[in-house]
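**Q** No sequence on hand, only this structure:
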């Protein structure tokens, strides 16, 4: 079975999901960014410190592989923004600095690309343009990084650079630039918030928000807004929530009423099986049968491992 990291990366790389995430965050759910406008960007970013050449400064390149990264194109096939998604299953205390670094790496790469283009045509520009190679007429493409938190509960980690600084008096923040995280947190979404999503992302997040609440999960499964999910989404939820929703494997979608009903049926069968094992042990003991013989019997009768049989024997002894 694939791990959580692999499944979440695959999920957010889906263009429908990716566009949906940014439409929710940037446009309150309006369908502004279309999946067909997304062009896969190089998820591997490598950059050396800006101005290294000729400065005598030698540092190791920094490399970052983004979870999902797309250029957003205009109708004229021109890039107007660069968007990346980072998945987190646990809060990360250094995320504001990490994201600041990733975004700045992209801006540095754009500056270096512009400088190279000018050098290739021997265009020194005017006045101070040659110092950076980035001319006064050049413009950077905006970079957005969005963190999708796949965990339960609060994001109990810094959401901005200021929260990470050792500053006692807020007046000392004067002159410092903050760096705030762009976050989607399941626990902060209402049922109405998730209706602003057009893909399975909102449905997945509302189920994650309510993990550990069987009654609420059952209510969601009966709600037409959240009832039908793609089968791959249900498999992702099973991994994240440590559940066993039964998917309709021959279908591309799964009805969550079906999934939960199958869980209840399986739970009922398991409860009946456990009751039968317990009754077998207790009956055998009343007839004075020794523990080794009882162990052999329940292992054969119920297809148990030795460890499982020992656990059942211990429970009945207790």
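**A** Here it is on my side, so go on. The structure displayed is predicted, hence computed values, not measured ones.
**Q** okay, CA-based contacts and neighbour counts for the rest of this
**A** Noted.
**Q** need the longest strand for this protein.
**A** Ranked by residue count and defined by DSSP state E, the top strand of the chain is strand 79-88.
**Q** Please enumerate the helices of the stretch 201-318 of the chain.
**A** With helices called from DSSP state H, counting those that start in this stretch, the stretch 201-318 of the chain shows them at 214-222, 231-241, 256-286, 291-302, 306-317.
**Q** and the last one, what does it pack onto?
**A** Looking back up the chat, that one is helix 306-317. helix 256-286, helix 291-302 (3 or more CA pairs under 8 Å, 6 or more residues apart in numbering; DSSP states H and E).
**Q** what angle do the shortest one and helix 256-286 make?
**A** For helix 291-302 against helix 256-286, the angle by axes from the mean of the first three to the mean of the last three CA atoms, to 10 degrees is 150 degrees.
**Q** buried set for helix 291-302?
**A** Neighbour-count burial for helix 291-302 flags 294, 295, 297, 298, 299 (criterion: 16 or more other CA atoms under 10 Å).
**Q** ok so, going back, mind giving me JSON lines with the helices and strands packed on helix 306-317 and columns for mean pLDDT and distance to residue 24?
**A** Shown next, in JSON lines, are the helices and strands packed on helix 306-317 (pLDDT from 0 to 100; distance: least, CA to CA, whole Å):
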{"stretch": "helix 256-286", "mean pLDDT": "80", "distance to residue 24": "24"}
{"stretch": "helix 291-302", "mean pLDDT": "89", "distance to residue 24": "51"}
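**Q** which residues does the residue nearest to residue 69 when sequence neighbours are not counted contact?
**A** Distances taken as CA to CA, 6 or more residues apart in numbering place residue 84 nearest to residue 69, at 4.3 Å, with adjacent residues excluded. The contact partners of residue 84, taken as CA atoms under 8 Å, 6 or more residues apart in numbering, are 66, 67, 68, 69, 70, 143, 144, 145, 146.
**Q** Surely the second one is in contact with residue 85?
**A** It stands for residue 67. Yes: here residue 67 reaches residue 85: they are 6.0 Å apart, a contact under CA atoms under 8 Å.
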